[in-house]
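Novice: whatever this is, show me its structure:
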Amino acid sequence: MTLENLSKMHHVAGMKQVKKVIARGDAACVFIADDADEAVTEEMKSLCQSNDVETVENVTMAEIGRASGIDVGSAVAAVLKS
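Specialist: Numbers count the residues shown, from 1 in each chain. Got it, this is the predicted structure:
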């Protein structure tokens, strides 16, 4: 999945929102910024792995923020299942 998919599909950004959609089983893919705090990224990677959710990790916080349509960077964002 690409950042273009993130910008065009239904999605959420931010740790709290992404955790909620993963818990509900509604996350198709999670983007994890490689320049985010390691504690955040490791927690999200573990959560995605245990819930069998695809991850994309070769992106920055600024790229995730832009693709999500927000003016600030975001450590994580999730594309929702259709």
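Novice: now do the SS call for the spatially closest residue to residue 11 that is not a sequence neighbour.
Specialist: Among residues not flanking residue 11 along the chain, residue 79 sits closest, at 5.0 Å (CB to CB, 6 or more residues apart in numbering). No exception for glycine: its C-beta is placed from N, CA and C like everyone else's. The local conformation at residue 79, judged by DSSP: H, G, I helix; E, B strand; the rest coil, is strand.
Novice: show me what contacts residue 79?
Specialist: When contacts are counted by CB atoms under 8 Å, 6 or more residues apart in numbering, residue 79 touches 1, 5-6, 9-11, 27-31.
Novice: swap in residue 2?
Specialist: Residue 2 neighbours (CB under 8 Å, 6+ apart): residue 56.
Novice: kindly report the same for the one 5 residues further on.
Specialist: By CB under 8 Å, 6+ apart, the contact list for residue 7 reads 66-69.
Novice: quick check, pLDDT for the residue nearest to residue 11.
Specialist: Listed pLDDT for residue 79 reads 97.
Novice: what are the bridge partners for it, then?
Specialist: With DSSP bridges as the criterion, residue 79 is bridged to residue 11, residue 29.
Novice: and it, how far from residue 60?
Specialist: Remark: distance between residue 79 and residue 60 (CB to CB, to the nearest Å) = 17 Å.
Novice: again, but for residue 45
Specialist: According to CB to CB, residue 45 stands 16 Å off from residue 60.
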